[in-house]
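>>> Pasting the sequence and the predicted coordinates here, then a few questions.
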Amino acid sequence: MEPPPLLLLLWATALGRAQEVVAENVTVLEGDTAEITCHLHGYDGSIVVIQNPARQTLFFNGTRALKDERFQLVEFSRRRLRLQLSPARLEDEGGYSCQLYGEDTRHQNATLTVLVPPAEPEVTQGGVAVAGAELELRCLVPRARPPAGLRWYRDRRELPGVPSREQRGLVFLQLNVLRLRVERGDNGAVVTCEVTHPALPRGQRRRTQYTLDVQYPPSVRIQASPRVLREGDTLVLSCSVTGNPPPTEVSWSRSNGSVPVPGRAEQRAGPWGAELRLPDLGPGDNGDTYSCAAGNAHGRASAHYPLRVYATHCQPTVTHCHPLSPTVTQLLVSPPRHCQRPWPHPPRPRPLGPSGPAIPQAPPPPTPPLHTPRGSCGPAHPMAPPTPGPALSGPAHP
């Protein structure tokens, strides 16, 4: 390894002198091996002494003077003296003196710096996070030297936190507190506490991810199948429930009686909610409202489904009425929606004769008005379909 520029300058300055000693500063991670080097110039065999920061002599002319086996003299030549320290501790920090005793005494200090890299940051949550309230997260680095940099991120966007630190002996305890307002949509989101430090390799950071646990009241939704129901069909209601914590009980209720309907309704529960099956629908089921309710520690919610059961066959209904005279009222009728078959029925082809070709009937005229001897319009009410008029005949044959 090429000597640093400062070292070359010192060597250049020392030219022409009898003897010179130059020491190198060292930075090491706690627990690693530190190597302290004293470069000798013009060495003539004079006494060389190395002392620790407490001014205790470690080696005297190559001979161990202090009984600390962590220090090892790995090289002592006319050009340099190399001393290894393993493992390095925080208390080993300071200046190590390289002394050369000749006609005059030469000495220089090598400064040893011990870094303490941070461990993975510890993220904790203060209290229960509830939708609509403020959440507090703490990111802790219990031990680092020098102090580390702590930052919060969510989706690569930095969040403002409140940093603090406390020195404990030779190391620092650091904390960064994040406070943010959370909503239901924040449940499951990931925030990251990131730590930077000079003891880490270039470009490397320590990160701890934390998944938000936001609690919120339940929401309930009912889906029906099929969407249009007729007499004899089976109704299937699915109640989908979400909430945090998940609701412990999902219940059904009916506006016109109890659930389950005795001998008919079938219920099934699962982690997603509940299902209700009601077979063989009839006129007595029409107009009932079915409700699904769920609750947790933060509230209750319910959804409602009004049941409409349509008749199997079309039934015309009165839509308009017009008084024509004191004794005659004109009623206009039309088929209801959601029928299995349209009303009135389309005309059928009618054969002309025993062997003649079938001639389609002409389409019937619009539904004729019905006449009633009442003098005024009564309330609209279902009526039976009128009897179709006589079919149009074809040309006469002899």
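That came through fine.
>>> Next, count neighbours for the nearest residue to residue 295 once chain neighbours are set aside.
Among residues not flanking residue 295 along the chain, residue 247 sits closest, at 5.8 Å (CB to CB, 6 or more residues apart in numbering). Where you see a C-beta, it was placed from the backbone N, CA and C, and this is true even at glycine. For residue 247, the tally of surrounding residues (other CB atoms under 10 Å) stands at 22.
>>> How about residue 73?
Residue 73 has 15 neighbours, counted by other CB under 10 Å.
>>> Could you do residue 122 as well?
Neighbourhood size, residue 122 [other CB under 10 Å]: 13.
>>> That one - nearest residue in space that isn't next to it in sequence?
residue 140 (4.5 Å).
>>> The one you found pairs with what?
Beta bridges link residue 140 to residue 122, residue 175, judged by DSSP bridges.
>>> got a list of what it touches?
Residue 140 makes contact with 121-124, 173-175 under the criterion CB atoms under 8 Å, 6 or more residues apart in numbering.
>>> Mark which of these are buried, thanks.
Buried members of those, counted by 16 or more other CB atoms under 10 Å: 121, 123, 174-175.
>>> Let me see the ranges of the helices in this protein.
Taking DSSP state H, the helices of the chain run over residues 5-14.
>>> what ranges of it fall below the confidence cut-off?
Within the chain, the stretches with pLDDT under 70 are 1-18, 259-263, 270-272, 313-322, 324-398.
>>> Domains of it: list them as residue ranges, please.
Domain segmentation of the chain under automatic domain parsing yields 5-115, 122-212, 217-310.
>>> Now do the same contact list for the residue nearest to residue 295.
Counted by CB under 8 Å, 6+ apart, residue 247 has contacts 218, 241, 294-296.
>>> Also residue 33?
By CB under 8 Å, 6+ apart, residue 33 lies in contact with 84-88.
>>> do the same with residue 286
With CB under 8 Å, 6+ apart as the criterion, the residues that contact residue 286 are 307-309.
>>> Could you do residue 172 as well?
When contacts are counted by CB under 8 Å, 6+ apart, residue 172 touches 143-148, 165-166.
>>> which of these sit farthest apart?
Spatial extent of those (CB to CB) is set by the pair 146 and 166 at 13.9 Å.
>>> Residue 230 reaches residue 285, doesn't it?
No: contact criterion CB atoms under 8 Å: residue 230 and residue 285 do not qualify, at 11.2 Å.
>>> Those two: who's more crowded?
Neighbours per residue (other CB under 10 Å) separate residue 230 from residue 285, with residue 285 holding more: 21 against 15.
>>> where does the residue nearest to the more buried one when sequence neighbours are not counted sit relative to residue 32, distance-wise?
The shortest distance from residue 285 to any non-neighbouring residue, by CB to CB, 6+ apart, is to residue 309 (5.3 Å). Separation of residue 309 from residue 32 (CB to CB, to the nearest Å): 81 Å.
>>> Equivalent analysis for residue 244, please.
For residue 244, the distance to residue 32 (CB to CB) stands at 47 Å.
>>> cool, residue 311 as well?
From residue 311 across to residue 32, the span is 88 Å (CB to CB).
>>> can I get the contacts of residue 33 in TSV with distance to residue 43?
TSV is the format used below for these (distance: CB to CB, whole Å):
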residue	distance to residue 43
84	21
85	23
86	26
87	31
88	28
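>>> Buried among those? Need that as a selection in ChimeraX.
Buried subset of the contacts of residue 33, written as a ChimeraX selection, criterion 16+ other CB under 10 Å:
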select :84,85,88
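>>> can you name the two of the contacts of residue 33 that are farthest apart?
Pairwise distances across these (CB to CB) peak at 10.7 Å, for the pair 84 and 87.
>>> quick one on the thing from earlier: just the closest of the contacts of residue 247 to residue 76, please.
Residue 76 has its nearest neighbour among those in residue 296, at 75.6 Å by CB to CB.
>>> from what I can see that closest one touches residue 220, true?
No: if you go by CB under 8 Å, residue 296 and residue 220 don't touch, sitting 11.6 Å apart.
>>> what about the two, which has more around it?
Remark: of residue 296 and residue 220, residue 220 carries more neighbours, 23 against 19, as counted by other CB under 10 Å.
>>> With adjacent residues omitted, what lies nearest to that one?
Of all residues not flanking residue 220 in the chain, residue 303 sits nearest, at 4.3 Å (CB to CB, 6+ apart).
>>> show me what contacts the closest residue to residue 253 other than its chain neighbours?
What sits nearest to residue 253 in space, not counting adjacent residues and going by CB to CB, 6+ apart, is residue 291, at 4.7 Å. Counting by CB under 8 Å, 6+ apart, residue 291 touches 252-255, 302-305.
>>> now those residues in CSV, with distance to residue 134 and neighbour count?
Converted to CSV, these look like this (distance: CB to CB, whole Å; neighbours: other CB atoms under 10 Å):
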residue, distance to residue 134, neighbour count
252, 37, 19
253, 37, 14
254, 42, 18
255, 41, 12
302, 29, 15
303, 31, 18
304, 34, 13
305, 38, 17
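>>> List just the nearest of those residues to residue 185.
So of the contacts of residue 291, ranked by how close each gets to residue 185 (CB to CB), first place is residue 303, at 20.6 Å.
>>> Is the closest one in contact with residue 223, as I believe?
No: Residue 303 is beyond contact range of residue 223, at 9.6 Å (criterion: CB under 8 Å).
>>> list the contacts for the residue nearest to residue 220?
220-222, 239, 291-292.
>>> who does it bridge with?
Under DSSP bridges, the beta-bridge partners of residue 303 are residue 292.
>>> For the stretch 1-150 of the chain, which segments count as strands?
With DSSP state E, counting those that start in this stretch as the criterion, the stretch 1-150 of the chain has strands at 20-23, 26-29, 34-41, 47-51, 57-60, 63-64, 71-76, 80-85, 94-101, 105-115, 122-126, 129-130, 134-144, 149-154.
>>> Now tell me what touches the last one from outside.
Think strand 149-154. The set of residues external to strand 149-154 that reach it, using CB under 8 Å, 6+ apart, is 121, 137, 139, 141, 158-161, 163, 174-176, 178, 189-197.
>>> Many thanks, we can stop here.
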